[in-house]
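Enquirer: 3D model of this:
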Amino acid sequence: MVGAPGRRALEAELGRLRAELAVDVCVVNGENAADGIGITPRLADKLLGLGVDAITLGNHAFRRMEIGPYLEASDRVIRPANASRATPGRGLAVIPTKDGASLAVINVLGSLFLHPATSMFEVIDELVDEARRATPVVLVDVHAEATSEKVALAHWLDGRVTAVVGTHTHVQTSDARVFPKGTAYITDAGMTGPHDSVIGVQPDLAIRRMRTGLPVRFETAQGDVRVEGALIECDSSTGKASSIEPVRVLVD
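Expert: This is a model prediction of the structure:
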């Protein structure tokens, strides 16, 4: 979800979508909430107040320094688990769902261009074991640049988690599927925000930086706002997914 346009889109559409799609629990990647980069405590609280149940982050998790103490105290906003152990917060949360079950949410960073403190493959098995001690329903947000890293993680976790959902590239992919052992997968859930843009940024500003190589202060674009994501159905007693479908709603 990107900037003010993304927040307004969620405010306008989330309640209706939750009702129409019979959503039991909603997870949003919020690392671009604050003017397209990072998140603040106020914005995190606002998203949770709109009906978001948990917020994951990514490589911009700490771009707003005031978020540190908030993450240390929060049980619903998580940062990548393979960030440095010296950073505040946690990479795993267990969230109650509308139907009385619970969902464990894990957040990890891929390595290509993002340079986490350690590889996600070094920490993921321990995280999944911890999550499954609380609930069989486990969602992994893999915030990564490379499709290869995301799909490799899904193959590695097939049958052990309910879903592996990719974020970071802001472009919804057409490869949603359920793996043979019951893990739902999509390379990128897409972007809730302005699509008349360069992944949320005003095009002229992004182009200027690419053409000149000089620093440019990015601003969030405004046009062609959409809500995008993925709807996953699963058995709450086994954690096995039965379907995953991309969601896309044009807002304005």
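
Enquirer: okay, CA-based contacts and neighbour counts for the rest of this
Expert: OK.

Enquirer: How much space separates A19 from L109?
Expert: Distance from A19 to L109, counting by CA to CA, to the nearest Å: 31 Å.

Enquirer: the more surrounded of these two?
Expert: L109 (31 against 10; other CA atoms under 10 Å).

Enquirer: Could you find the closest non-adjacent residue to that one?
Expert: Among residues not flanking L109 along the chain, H143 sits closest, at 4.8 Å (CA to CA, 6 or more residues apart in numbering).

Enquirer: And for the one you found, the neighbour number?
Expert: Using other CA under 10 Å, H143 is surrounded by 27 other residues.

Enquirer: Does it touch H168 like I think?
Expert: Yes. H143 sits in contact with H168 when judged by CA atoms under 8 Å, with a separation of 5.3 Å.

Enquirer: hey, what's in contact with both of the two?
Expert: G58 (CA atoms under 8 Å, 6 or more residues apart in numbering).

Enquirer: Other residues contacting the longest helix seen in the chain?
Expert: For the chain, the helix with the greatest residue count under DSSP state H is helix 3-20. If you take CA under 8 Å, 6+ apart as the criterion, helix 3-20 is touched by 1, 23-24, 32-37, 47, 50-51, 192-194, 220, 222, 225-227, 251.

Enquirer: Downstream of that helix, the next helix or strand is which one?
Expert: strand 27-29 (DSSP states H and E).

Enquirer: residues near D35, how many?
Expert: Applying the criterion other CA under 10 Å, we find 17 residues in the vicinity of D35.

Enquirer: Renumber starting at 5 from here on
Expert: In the new count, where the first residue is 5, that last one comes out as D39.

Enquirer: Endpoints of stretch 25-37, how far apart?
Expert: Stretch 25-37 stretches 24 Å from its first residue to its last (CA to CA).

Enquirer: what's the spacing between that stretch and its chain's center?
Expert: With CA atoms, centre = their mean, to the nearest Å as the basis, the distance from the averaged C-alpha position of stretch 25-37 to the chain average is 8 Å.

Enquirer: Mind checking the pLDDT average for it?
Expert: Per-residue pLDDT over stretch 25-37 has a mean of 97.

Enquirer: can you map out the strands along the stretch 55-204 of the chain?
Expert: Ranges of strands in the stretch 55-204 of the chain, per DSSP state E, counting those that start in this stretch, are 58-60, 81-82, 96-100, 106-113, 142-147, 167-171, 181-182, 188-190, 197-198.

Enquirer: Redo those as CSV? Include distance to P45.
Expert: Output for the strands of the stretch 55-204 of the chain, formatted as CSV (distance: least, CA to CA, whole Å):
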stretch, distance to P45
strand 58-60, 12
strand 81-82, 10
strand 96-100, 17
strand 106-113, 18
strand 142-147, 21
strand 167-171, 21
strand 181-182, 35
strand 188-190, 29
strand 197-198, 20
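
Enquirer: Looking at those strands, which is nearest to P250?
Expert: Comparison of these against P250 by CA to CA identifies strand 188-190 as nearest, at 8.4 Å.

Enquirer: Now tell me what touches the closest one from outside.
Expert: By CA under 8 Å, 6+ apart, strand 188-190 touches 155, 158, 166-170, 177-183, 236, 245-248.

Enquirer: again, only using 6 Å
Expert: A167, V168, V169, D179, A180, R181, V182, A245 (CA atoms under 6 Å, 6 or more residues apart in numbering).

Enquirer: And the buried ones among those, selectable in ChimeraX?
Expert: Selecting only the buried entries of these in ChimeraX, with 16 or more other CA atoms under 10 Å as the criterion:
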select :167,168,169,180,181,182,245
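
Enquirer: How about the contacts made by L54?
Expert: L54 sits in contact with no residue, where contact means CA under 6 Å, 6+ apart.
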